[in-house]
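Novice: Just to be clear, the model below is a prediction. Sequence and coordinates:
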Amino acid sequence: HPPAESTPVCTVPSSFEKPTLSKTDLQSKSNEELSNMVLTGQIKDHQLEKLLDHHRAVDVRRLAFDSKLSSVGCGGALTDLPSGPSLDYSRVFGANCEIVVGYVPLPVGMVGPLTLNGRSVYIPMATTEGCLVASTNRGCKAITQGSGATSVI
């Protein structure tokens, strides 16, 4: 038998598109308004850096996450997490971390010398794990005594 007739639900493809937000519109809004837009799904939290300057994106995201954390009894959990101007978020965006809400200073230890590609190198390690630097240093010593390591990119 012949196929049944069908009527399109919508004949205008543009009706499926979500309204776009201009950067100018967003810049005129307060951080609280932008945070509410994140919480209601009008803006995705991972898109904030594309729409705002990087520092403001972090501020807005912190407000949104503070609201989310408050709803589970952990409001203010980000208060002591540094987020100020001492970190250049434009260098972090797209490289080191996504959905940034702040940063933490980490102690840095040095390991080495390690013979790598025939050269003696020292390696800084940022960590909070006890004994990791000492253990890595022992590994460097063993590798170096065994004629070193070769890296290939």
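Specialist: Done, it's in. Fair warning: this is a prediction, and the values are worked out from it, not measured in the lab.
Novice: Low-confidence ranges, this structure, go.
Specialist: Residue ranges of the chain with pLDDT under 70: 1-20, 96.
Novice: middle-most residue in it, spatially?
Specialist: By Cα atoms, centre = their mean, the mean C-alpha position of the chain lies nearest to Glu98, the distance being 1.8 Å.
Novice: What is the burial count for Thr128?
Specialist: Thr128: 8 surrounding residues under other Cβ atoms under 10 Å. (Glycine included, C-beta is placed from N, CA and C.)
Novice: all helices of the chain, in order?
Specialist: According to DSSP state H, the chain carries its helices in the segments 23-27, 31-39, 48-51, 54-70, 89-92, 132-145.
Novice: Next one: the nearest residue to the residue nearest to the centre of the chain once chain neighbours are set aside from Glu32, what distance?
Specialist: Of all residues not flanking Glu98 in the chain, His46 sits nearest, at 6.0 Å (Cβ to Cβ, 6 or more residues apart in numbering). Noted for His46: a distance of 20 Å to Glu32, by Cβ to Cβ, to the nearest Å.
Novice: got it, and Ile43?
Specialist: 13 Å.
Novice: Between these two, which is the more surrounded one?
Specialist: Between Ile43 and Glu32, counted using other Cβ under 10 Å, Ile43 has the larger neighbour count: 21 against 12.
Novice: hang on, that one packs against Asp25?
Specialist: No. Counting by Cβ atoms under 8 Å, no contact exists between Ile43 and Asp25, whose distance comes to 11.1 Å.
Novice: Need the residues that contact stretch 79-92.
Specialist: Among residues not part of stretch 79-92, those counted as contacts by Cβ atoms under 8 Å, 6 or more residues apart in numbering are 49, 54-55, 57-59, 62, 100-105.
Novice: which of those residues are buried?
Specialist: Applying a neighbour-count criterion of 16 or more other Cβ atoms under 10 Å, the buried members of those are 49, 54-55, 57-59, 62, 100-103.
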